[in-house]
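Novice: generate a structure from the sequence data that follows.
(4 chains)
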Protein chains: 2
Amino acid sequence: MVKNQHISLAVDIVVFTVMNGFLKVLLIRRGVEPFKGKYALPGGFVRDDESLEEAALRELSEETNVKNIFIKKLSAYGDVNRDPRGRIVSVVFIALIDSERFKLKASTDAMHAEWVNINAMKSLAFDHNTILNDSLDELKLDVQTTNIAAQMLPDKFTLSELQKLYETILGSELDKRNFRKRIKTFNILKPFNESKMEGAHRPAQLFSFREKKFSSLKDRVSILL
Amino acid sequence: MVKNQHISLAVDIVVFTVMNGFLKVLLIRRGVEPFKGKYALPGGFVRDDESLEEAALRELSEETNVKNIFIKKLSAYGDVNRDPRGRIVSVVFIALIDSERFKLKASTDAMHAEWVNINAMKSLAFDHNTILNDSLDELKLDVQTTNIAAQMLPDKFTLSELQKLYETILGSELDKRNFRKRIKTFNILKPFNESKMEGAHRPAQLFSFREKKFSSLKDRVSILL
DNA sequence: CCAAAAGTGTTAGTGATACACCCATGT
DNA sequence: ACATGGGTGTATCACTAACACTTTTGG
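Specialist: Numbering: from 1, shown residues only, chains lettered A, B, ... in the order given. Okay, the predicted model is just below:
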């Protein structure tokens, strides 16, 4: 079956989180050439006996000890010279995580995984800037058309926390009343009688997503028709 | 760079066209095992020195002699057992073509390329039913959010032809006056003074897309916000 | 009683939908 | 003159966008 092909297959994962009101991506600082010292997306080679999803989760776990998170396949990148070491085609996954749920161990591994602010993005190794830009577009689209935001929040959260998440990802401010109205019309949240008391102000009601599983908000996306 | 990997990389192409009011896909009838006799998407192995896009266009040209068409990368499919011959990961492209621009040579090649009606779809080889369904979803989304329809029409066309194309792809009827209004507001068409005379009725004005190049209709897709 | 975030409705404007008749041509 | 598809406008409805004050708590 191998037909004299000399192409290696890898996966790369773009892990997004929101921390302290900033959208961040998980990057690895490269310790070896090529691109030594530069930041790169976590990733690695796919094994013969694992699916692409399994490879993505395994690499993430190995390189950053981030586990059990939501991933979504994005696309494949295969320009001939995207990697100076040889012909490597990479399948890219987007991953989302609640930053509270997982704290990076400071410097457990030599890989130096770090959360990097999306607005302060440097030049990355390989074609990872392209991949990151594409992923960010996809994230912004998904957050508006699916319940993907559920993956970045704890089980229970307040409407203000949800709104803040949307604002951070989209990079724009939203009207509080209109936001709540629209969320209500989609009926994707389940209210609790509990409140979150925090700080010197009125406590906020807690909600959770009815479906934590990734799903579209509407059947029909209609811009033109 | 090869790290003992035994994964082969292929491309598959889902070519859509609209003929006689039906949405069709270009399929190959398999002449060899596995899945001998079944329909499959055109595709093949990527060469070491060509990009994924180049591989897709080359395979299409070799297997179906369809050339110079629009392709768009969709995703990658990599389940471990998707191909009984071994571990093969496939990058999938969607392609669109104006059926008038290209007539399949009846049986030039042994591959038997055929246009198959999307509504009469049989069970395909490999995981090609899954791929086809995903592609169809993507096509329906794209036709509503981008100018992708330009790829399936001749340079000049009438508004009725355009509307028919949308109706065929979306599988639903559209209101003539509302359709024209909306198309106008997007300002994506360039009118000509020429008319198309055909049949015993009033001639129709001809239009073309201002941008034939693939582009989004709106910056902001907002369903939720 | 002050500060701080939670919570809540109305109005105006814009875009979507529904709908029916006249026009230009070939036969 | 008739059959065929081309071309056009209006009224209603639904959704979006803009906007400000009261409530509940902790300090």
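
Novice: did I read that right, A:S90 in a strand?
Specialist: Yes: A:S90: assigned to a strand according to DSSP: H, G, I helix; E, B strand; the rest coil.

Novice: what's near enough to touch it?
Specialist: A:S90 sits next to A:9-12, A:43, A:76-78, A:82, A:131 when contact means C-beta atoms under 8 Å, 6 or more residues apart in numbering or on different chains. From N, CA and C alone the C-beta is placed, and that goes for glycine too.

Novice: could you do A:F209 as well?
Specialist: A:147, A:150, A:153, A:188-190.

Novice: swap in 10 Å and give it another go.
Specialist: A:147, A:149-151, A:153, A:155-157, A:162, A:188-190, A:215 (C-beta atoms under 10 Å, 6 or more residues apart in numbering or on different chains).

Novice: which two among the residues you listed are spaced furthest apart?
Specialist: A:K156 and A:S215 (19.6 Å; C-beta to C-beta).

Novice: hey, where'd the helices end up in chain A?
Specialist: A:52-64, A:128-145, A:159-170, A:176-186 (DSSP state H).

Novice: quick one on the thing from earlier: neighbour count, distance to DNA strand D and pLDDT added to the contacts of A:F209, as CSV?
Specialist: Converted to CSV, those look like this (neighbours: other C-beta atoms under 10 Å in any protein chain shown; distance: C-beta to the nearest atom of the strand, whole Å; pLDDT from 0 to 100):
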residue, neighbour count, distance to DNA strand D, pLDDT
A:N147, 21, 17, 95
A:A149, 21, 17, 96
A:A150, 24, 20, 96
A:Q151, 23, 23, 97
A:L153, 21, 23, 96
A:D155, 13, 22, 96
A:K156, 15, 17, 97
A:F157, 22, 18, 97
A:L162, 20, 17, 97
A:I188, 19, 15, 94
A:L189, 19, 17, 96
A:K190, 12, 21, 97
A:S215, 13, 19, 91
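
Novice: just the closest of those to A:L52, please.
Specialist: Looking across the contacts of A:F209 and measuring by C-beta to C-beta, the closest to A:L52 is A:Q151, at 18.9 Å.

Novice: run through the residues of chain A sitting next to DNA strand C.
Specialist: A:158-160, A:176-178, A:180-181, A:195, A:199-205, A:222, A:225 (C-beta under 7 Å from any atom of the strand).

Novice: now with 10 Å?
Specialist: A:158-164, A:175-181, A:184, A:191, A:195-207, A:220, A:222-225 (C-beta under 10 Å from any atom of the strand).

Novice: about what we covered before: of all the helices of chain A, which lies closest to chain B?
Specialist: Closest approach to chain B among these (C-beta to the nearest C-beta): helix A:52-64, 3.9 Å.

Novice: okay, now the domains of chain A?
Specialist: Following automatic domain parsing, one gets these domains for chain A: A:8-144, A:151-209.

Novice: how far does the shortest one stretch from start to finish?
Specialist: This means domain A:151-209. For domain A:151-209, the first-to-last residue distance is 10 Å (C-alpha to C-alpha, to the nearest Å).
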